[in-house]
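> here is a sequence with its predicted model. Questions after.
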Amino acid sequence: MVFIHLAEGFEEVEALTAVDVLRRAGVDAKTVSVTGNKMVTGTHGIPVEADLLFEEADYGSCEMIVLPGGLPGATNLGSHAGLTDQIKAFAAAGKKVAAICAAPMVLSQCGILEGKEATIYPGMEEELAGAKATGANVTVCGNIITGKGPALAMEFALALTEALKGKEVREEVAGGLLFD
């Protein structure tokens with residue numbers, strides 16, 4: 001199972017592309033609200049009903065935490081103590097953690113990017129304290145996957161697919177989506 005986290009002001013295209021692509025790949029992907037309400041509004045005013053509240057999510061059955069970006073969405077994710085505790089625990093256990101756009105700053109704040117390569121929305125590289133900013137569209141460094149921004153949501157979601165299901169499934173899903 002994969003949990004894609006939603007906070008007020010999340011980047012809709014990043015969150016929903018990840019859910020869509022992962023589900024096409026046969027991954028049990030669930031949206032998790034950290035707001036206390038299932039209805040969460042994205043940065044562009046689009047309301048989305050999450051599958052679960054953070055308090056209902058079983059992180060023992062989760063194999064990947066995903067953080068969409070957007071502002072103030074990423075900031076709101078980073079201020080949720082329960083989520084940041086889970087991110088730290090996942091990283092310590094070698095479990096997969098992924099973030100795109102502004103959200104890699106949350107991983108940095110959790111101290112899990114130290115000495116690793118990562119990418120973030122252009123102009124936010126200073127938020128990657130301790131990490132080497134690659135500037136790549138998507139960077140995979142061990143168990144950590146980071147993406148650059150909204151236009152790259154599909155490439156990011158396919159990288160998540162490959163990390164979970166392998167290159168063959170990634171290529172199959174990408175082909176069905178007409179993604180080169």
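Received the coordinates, thanks.
> which residues touch residue 133?
Taking Cβ atoms under 8 Å, 6 or more residues apart in numbering, we find residue 133 in contact with 118-120, 125. (C-beta placed from N, C-alpha, C; glycine too.)
> and the gap between it and residue 139?
Residue 133 sits 9 Å away from residue 139, going by Cβ to Cβ, to the nearest Å.
> where along this protein do the strands fall?
Taking DSSP state E as the criterion, the chain contains strands spanning 2-6, 29-33, 39-41, 47-49, 52-53, 64-67, 96-100, 117-118, 132-133, 138-141, 144-147.
> so how far is residue 57 from the nearest residue to residue 139 once chain neighbours are set aside?
Spatial nearest neighbour of residue 139, excluding adjacent residues (Cβ to Cβ, 6 or more residues apart in numbering): residue 119 at 4.4 Å. Look at residue 119 and residue 57: by Cβ to Cβ, they are 27 Å apart.
> these two: who's more crowded?
Applying other Cβ atoms under 10 Å to residue 119 and residue 57 shows that residue 119 carries more neighbours, namely 29 against 23.
> you'd agree that one is up against residue 141?
No: here residue 119 does not reach residue 141: they are 9.6 Å apart, not a contact under Cβ atoms under 8 Å.
> residue 106: what's it in contact with?
Going by Cβ under 8 Å, 6+ apart, the list of residues near residue 106 reads 67, 74, 77-78, 84, 87, 99.
> kind regards, and thank you for your time.
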